[in-house]
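In: Okay, predicted coordinates and the sequence, questions at the end:
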Amino acid sequence: MDIIQLKLNSRNLGHYFLRMTKEEASAEIELLSRELNEHNYRYYVLADPAISDYDFDKLLEKLIALEKQFPELQKPDSPSQRVGGTITKEFATVTHKYPMLSLGNTYSEDELIDFDSRVAKGLEGEKFQYVCELKYDGVAIGITYRNGVLVQAVTRGDGVRGDDVTANVKTIRTIPLKLRGHDYPKEFEIRGEIFMRRETFNAINSERLDAGEPPLANPRNAAAGTLKMQDSSVVAKRNLDCFLYFIYSEDAIERDHYHSILKVKEWGFKTPDHIRLCDDLGQVLEFIHDWEKNRSALAYDIDGIVLKVNAYSQQKALGFTAKSPRWAIAYKYKAEQVTTVLESISFQVGRTGAITPVANLKPVLLAGTTVKRASLHNSDIIEKLDVRIGDHVFVEKGGEIIPKIIGVDTSKRDMFSEPFKYIEHCPECGTKLVRQEGEALHYCPNDATCPPQIKGKFEHFIGRRAMDIDSIGAETIELLYNHGLIKNVADLYSLELDDLLPLDRMAKKSAGNIIDGITASRQRPFERVLFGLGIRHVGETVAKKLAYYFKDVDRLMSASTEELLQVPEIGEKIAISIRDYFSRPENLEMIQRLKDKGLQLFLAEDVMAGFSDKLGGKTFVVSGTFSFFSRDDLKKAIELNGGKVTGSVSAKTDYLVAGENMGPAKLEKAEKLGVKIISEEQFRQMIA
Ligand code: IVH
């Protein structure tokens with residue numbers, strides 16, 4: 001579609017469609033969907049956007065609003081599916097139409113030469129070409145399209161059967177929901193690799209660390225975990241990506257793999273971005289060596305390259321073994337590895353009391369840097385590796401920045417060495433460590449006086465994303481703490497100029513800046529104060545959810561575990577941690593002092609203007625589909641107006657909001673228990 005026309009359309013769409021007939025709405029939905037698909041393709045596949053993110057979001061909002069008004073017009077390939085919202089309790093098992101084979105792989109160039117000879121022999125002297133592609137380090141996916149529309153996406157599973165993850169895959173913006181052009185087969189399956197870019201991975205991990213949670217191991221695990229999440233709206237926020245590199249179809253497409261890749265790109269797929277057609281193995285080896293050198297510059301991890309015989313007729317002639325094609329092979333890059341001696345294991349204590357073991361190594365050169373330390377993650381890993389002080393260990397540096405110990409050379413082990421005994425007491429304060437069921441890490445429970453926990457809590461509190469007090473740094477915290485001026489974060493707000501001036505190297509100007517910075521931080525909104533408290537498992541997003549749900553700290557403090565579980569995205573682990581935090585008198589006393597000092601421990605008035613207490617204390621169950629609200633929005637409206645939403649009808653339910661096609665069992669139960677059954681319209685009157 002012409003871009004000038006697209007821009008005009010985007011500007012001309014106002015809110016006039018609120019009074020549209022169904023026919024008008026249908027035409028508008030069609031137009032908006034076409035525009036959004038076009039912009040999506042330009043942005044994600046061609047990397048050449050025609051409108052700003054803001055304008056894109058506005059168009060999408062319009063489409064969502066219109067589909068909400070006319071739910072019967074929402075199509076399964078609508079661009080609105082990108083934001084997710086489907087909850088999958090259990091993924092259905094699907095049998096692959098074409099088994100999902102893997103590739104033979106090798107780490108050695110000699111074996112590649114053998115492979116090349118086998119191919120040449122199999123083709124009986126015929127000339128052939130290879131296509132070289134990067135081997136993306138992610139999760140394999142097979143996606144079926146019917147009449148140009150995405151209908152199903154299935155994981156590899158055991159190669160024969162996989163999980164149906166369609167709702168989650170639909171949120172990945174580089175995967176088209178509807179194809180471009182017309183020359184695609186009526187039905188086909190396309191295979192590819194879903195992955196997470198390093199930048200996204202690092203952002204997720206820094207959020208996890210902020211919430212006191214252990215980081216995810218690598219982008220591949222993060223992609224795999226995300227793809228199996230139950231709430232597709234969370235998947236939508238995780239920014240997965242996908243390269244598609246193989247097509248299965250009953251109808252002929254092109255004569256060879258290379259041209260098929262060019263063709264499927266025209267239909268809107270993101271195809272391998274570094275691809276080379278090679279006439280001989282020499283060119284293949286050049287490709288391999290180039291990417292071995294340059295792979296760290298890519299935005300995502302690769303673990304090798306894949307070479308495929310190009311012509312389909314030749315692929316057919318070569319055929320398959322039981323496990324993999326004879327016409328393709330993966331050459332895997334070796335993770336660089338060295339051996340060195342484990343000199344000692346030390347333990348770091350984090351802000352939440354989490355203990356992380358660190359290996360201290362005899363310094364050794366690895367992938368261009370001297371390595372002295374490696375992460376050992378937790379006591380289970382130490383036990384599994386059976387790593388002992390004095391052992392010769394194998395150290396590897398993969399895609400991750402921190403090297404890891406991957407094994408022990410037991411042939412060099414001292415015969416008198418003993419298994420490593422994990423510490424039982426905090427190395428900083430001597431308190432006995434605890435390890436909760438289901439958790440991998442040990443914790444020091446002494447958050448009141450354990451020094452690294454206290455310092456860590458201060459650093460977190462003053463951090464940019466919490467109270468943002470940039471006139472204070474880690475050294476000032478240490479200075480103030482060592483002089484007994486601060487014991488918990490509330491003490492910051494009692495500091496005066498005269499407390500600071502006598503301190504070492506404290507100039508009048510910096511003392512003034514410190515006090516000003518602390519004073520200004522009183523204006524930070526509730527959700528940031530809540531995040532700043534550093535409650536375990538309460539990261540930025542959870543803090544926001546809690547702040548909007550409970551609106552002030554008193555309601556949050558008195559919430560039971562059950563009430564906490566009502567908050568969207570809050571599970572048992574978080575609820576228990578919050579209850580634990582607010583059950584401790586020292587925390588309650590600190591919060592009282594923060595309140596007295598004028599911090600924002602409630603939502604500001606302008607934010608509150610969007611809320612009411614019209615449904616205060618009332619419990620609702622929502623069932624069926626609605627015409628004005630989506631089900632999620634209806635639940636949000638209940639919560640914004642002070643009500644509670646639960647999943648099933650019980651004696652405690654006040655109202656059942658009944659939509660179309662609601663479950664008969666719910667209705668029957670509500671009638672039996674005398675629960676009031678109201679329509680969407682009656683609900684709207686309640687909050688009007
Ligand atoms: S082709 C029948 N191409 O690596 C051939 N696979 O170890 C299908 N992979 O199962 C695979 N990048 O999950 C192919 N450019 C690429 C790939 C690739 C990553 C994965 C894929 C495959 C596994 C084999």
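Out: Nice, thanks for sending it over.

In: alpha carbons only for contacts and neighbour counts from here, please
Out: OK.

In: so which residue of the chain comes closest to the ligand?
Out: Lys135 (3.4 Å; C-alpha to the nearest ligand atom).

In: which SS class is Thr224?
Out: If you look again at residue 224, you'll see it is Ala, not Thr. What DSSP: H, G, I helix; E, B strand; the rest coil gives for Ala224 is helix.

In: which non-adjacent residue is nearest it?
Out: Val139 (6.1 Å; C-alpha to C-alpha, 6 or more residues apart in numbering).

In: circling back: so what's the residue nearest to the residue of the chain closest to the ligand when sequence neighbours are not counted bridging to?
Out: Nearest non-adjacent residue to Lys135, counting by C-alpha to C-alpha, 6+ apart: Ile305, 4.5 Å away. According to DSSP bridges, the residues that bridge with Ile305 are Leu134, Tyr331.

In: Neighbours of Ile305, how many?
Out: A total of 22 residues lie near Ile305 under the criterion other C-alpha atoms under 10 Å.

In: swap in the one 3 residues further on?
Out: When counting by other C-alpha under 10 Å, one arrives at 20 neighbours for Lys308.

In: Surely it and Ala328 touch.
Out: Yes. With contacts counted by C-alpha atoms under 8 Å, Lys308 reaches Ala328, the gap being 4.3 Å.

In: separation between the residue nearest to Ala224 and Arg191?
Out: Using C-alpha to C-alpha, to the nearest Å, one gets 11 Å for the distance from Val139 to Arg191.

In: likewise Glu207?
Out: Taking C-alpha to C-alpha, one finds Glu207 at 32 Å from Arg191.

In: With neighbour numbers in mind, choose between the two.
Out: With neighbours defined as other C-alpha under 10 Å, Glu207 and Arg191 compare such that Arg191 has more, 22 against 16.

In: Now do the contacts for that one.
Out: By C-alpha atoms under 8 Å, 6 or more residues apart in numbering, the contact list for Arg191 reads Ala140, Ile141, Gly142, Ile143, Leu244, Tyr245, Phe246, Ile247.

In: again with Tyr312
Out: Contact partners of Tyr312, counting by C-alpha under 8 Å, 6+ apart, are Arg255, Asp256, His257.

In: Which of these has the largest number of neighbours?
Out: His257 (22 neighbours).

In: Confirm for me that that one is in contact with Ala311.
Out: Yes. Counting by C-alpha under 8 Å, Ala311 is a contact partner of His257 at 6.4 Å.

In: which residues does Glu343 contact?
Out: Ala359, Asn360, Leu361, Lys362, Ile389, Gly390.

In: want to throw the contacts of Tyr312 into JSON lines with pLDDT?
Out: JSON lines is the format used below for the contacts of Tyr312 (pLDDT from 0 to 100):
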{"residue": "Arg255", "pLDDT": "92"}
{"residue": "Asp256", "pLDDT": "95"}
{"residue": "His257", "pLDDT": "95"}
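
In: quick one: least confident helix or strand in this structure?
Out: For the chain, counting by mean pLDDT, DSSP states H and E, helix 3-12 ranks last in confidence among helices and strands (a mean of 37).

In: Show residues contacting whatever helix or strand comes next after it.
Out: Sequence order places helix 22-40 as the next helix or strand after helix 3-12, per DSSP states H and E. By C-alpha under 8 Å, 6+ apart, the surrounding residues in contact with helix 22-40 are 1, 6, 17, 49-51, 56, 59-60, 63, 66-67, 70, 73, 78-79, 173-174, 176, 178.

In: same deal with stretch 320-339?
Out: With contacts defined as C-alpha under 8 Å, 6+ apart, stretch 320-339 is touched by 101-108, 112, 115, 119, 135, 292, 303-309, 315, 318-319, 364-367, 392-398.

In: Name the residues of it that are buried.
Out: For stretch 320-339, a neighbour-count test (16 or more other C-alpha atoms under 10 Å) marks Ser324, Pro325, Arg326, Trp327, Ala328, Ile329, Ala330, Tyr331, Lys332, Tyr333, Gln337, Thr339 as buried.

In: Now do it, average pLDDT.
Out: The average pLDDT for stretch 320-339 rounds to 89.

In: Can you get me the start-to-end distance on that stretch?
Out: Stretch 320-339 has an end-to-end distance of 39 Å (C-alpha to C-alpha).

In: same deal with stretch 462-476?
Out: The first residue of stretch 462-476 is 11 Å away from its last residue (C-alpha to C-alpha).

In: how far is it from where the chain is centred?
Out: 27 Å (C-alpha atoms, centre = their mean, to the nearest Å).

In: list the buried ones in that stretch?
Out: Per 16+ other C-alpha under 10 Å, stretch 462-476 contains these buried residues: Ile462, Gly463, Ala466, Met467, Asp468, Ile469, Ser471, Ile472.

In: now stretch 91-99
Out: Applying 16+ other C-alpha under 10 Å to stretch 91-99 flags Val94, Thr95, His96 as buried.
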